[in-house]
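**Student:** Whatever this is, show me its structure:
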Amino acid sequence: MFERNLANKLKGWNTISDICEKLNIRRSSAYLYVHKLNKKGFVIQKIKKPRGTMYLIDSIPKPLEKDGMLDDTEIMSSELEYSKNEIQPEHKISFLLKESNEKNNIRFRKEAKKLLRSIKNWKRLYRYLKAYDVIDEFREIYKESLGKIKKLPSIPKRYKKLIGV
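**Tutor:** From the prediction side, this is the model:
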């Protein structure tokens, strides 16, 4: 509502100095107001002149432009759902071990080994291992990689007993 009242006061062609005189404000505030009006669509045209940039301000906002690259595509696309949430490495490890058991594929175990260095939360890892029922497989992988992988995080005492390493 603030922008509409401001646009009514500044209707027509204006420069920054004209806006300063009409509203009794400083030059920096005038630039800020023009920027806000432009974002809302009240500034219809800008012309640069030697005396200063002229702004055509109208009390009715112009319709905003289309969505750019999305104007031809459907905006609500069920196939391309976006999620900001990343899957934690602890979850990935336990899932990959489960898949290696089900499909008898060594590649899943190798990928799980690569993720061992990224373990941060042992409590979460233990919960996932227990849920997927792959504690024994994790124990084997961890023992294999103890000498091979550098900077492997050590298991806390509590989880050493639970996992059995």
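**Student:** Please point out which parts of stretch 109-129 sit buried.
**Tutor:** Neighbour-count burial for stretch 109-129, counted by 16 or more other C-beta atoms under 10 Å, picks out 109, 111, 112, 113, 115, 116, 119, 122, 125, 126, 128, 129. (Glycine included, C-beta is placed from N, CA and C.)
**Student:** Could you list every helix and strand that the strand or helix carrying residue 46 packs against?
**Tutor:** In this structure, residue 46 is located in strand 43-47 according to DSSP states H and E. The helices and strands touching strand 43-47, judged by 3 or more C-beta pairs under 8 Å, 6 or more residues apart in numbering; DSSP states H and E, are strand 54-57.
**Student:** what bits of this protein have low per-residue confidence?
**Tutor:** Scanning the chain with the threshold set as pLDDT under 70 gives 1, 64-84.
**Student:** Domains in this structure, by residue range?
**Tutor:** 2-57, 89-163 (automatic domain parsing).
**Student:** Angles on the backbone of residue 15, please.
**Tutor:** Residue 15 adopts backbone torsions of phi -110, psi 180, taken as degrees, to the nearest 10.
**Student:** How many residues are close by it?
**Tutor:** Residue 15 is flanked by 16 other residues according to other C-beta atoms under 10 Å.
**Student:** The closest residue in space to it that isn't next to it in sequence sits in which helix or strand?
**Tutor:** Spatially, and ignoring its direct neighbours in sequence, residue 15 is nearest to residue 52 (4.2 Å; C-beta to C-beta, 6 or more residues apart in numbering). With elements taken from DSSP H and E, nothing contains residue 52; it lies in neither a helix nor a strand.
**Student:** For residue 52, give me its contacts.
**Tutor:** 15, 16, 17 (C-beta atoms under 8 Å, 6 or more residues apart in numbering).
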